[in-house]
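In: Fold the following for me, if possible:
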Amino acid sequence: MQVMEIHRSTVILLLLLSVSSFTHGQPADVMRRYQKFLTQHQGPYVNVEMCTDEISDRNIGSETGECKPVNTFIQAQDHQIKAVCSGGT
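Out: This next block holds a predicted model:
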């Protein structure tokens, strides 16, 4: 299995997070997408050597079900992620 590259495109992630940053009181589909985002991207420190195992353990796949070749992991708690997406730091 190929070692997955950790992609550090923070700007793209912040844009994605901003779309789903406010989930309280949102429709069920928004909450579902937000939870999926957290499952795929929020977590502990993951280095390149650990990335493949982490992606496999979390069952993170592409739209076709294949293992994603690139993934970014954010080392932050929910409220910290929401704060960044809401214009905070």
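
In: buried sites along the helix or strand harbouring residue 52?
Out: With secondary structure defined by DSSP states H and E, residue 52 is part of helix 48-57. For helix 48-57, the neighbour count (16 or more other CB atoms under 10 Å) marks 50-52, 54-55 as buried. The C-beta positions use only the backbone N, C-alpha and C, and glycine is treated the same way.

In: same for the next helix or strand after it, what does it pack against?
Out: Where DSSP H and E defines the elements, the next helix or strand beyond helix 48-57 is strand 70-71. In this structure, strand 70-71 packs against strand 5-6, with contacts taken as 3 or more CB pairs under 8 Å, 6 or more residues apart in numbering; DSSP states H and E.

In: Buried residues, the helix or strand encompassing residue 35. List them.
Out: Assessed by DSSP H and E, residue 35 sits inside helix 28-41. For helix 28-41, burial by neighbour count (16+ other CB under 10 Å) applies to 33-34, 37-38, 40-41.

In: Of those residues, which is the nearest to residue 74?
Out: Minimum distance to residue 74 across the buried residues of helix 28-41 is 5.3 Å, recorded for residue 41 (CB to CB).

In: Which residue is the nearest non-sequential neighbour of the closest one?
Out: residue 74 (5.3 Å; CB to CB, 6 or more residues apart in numbering).
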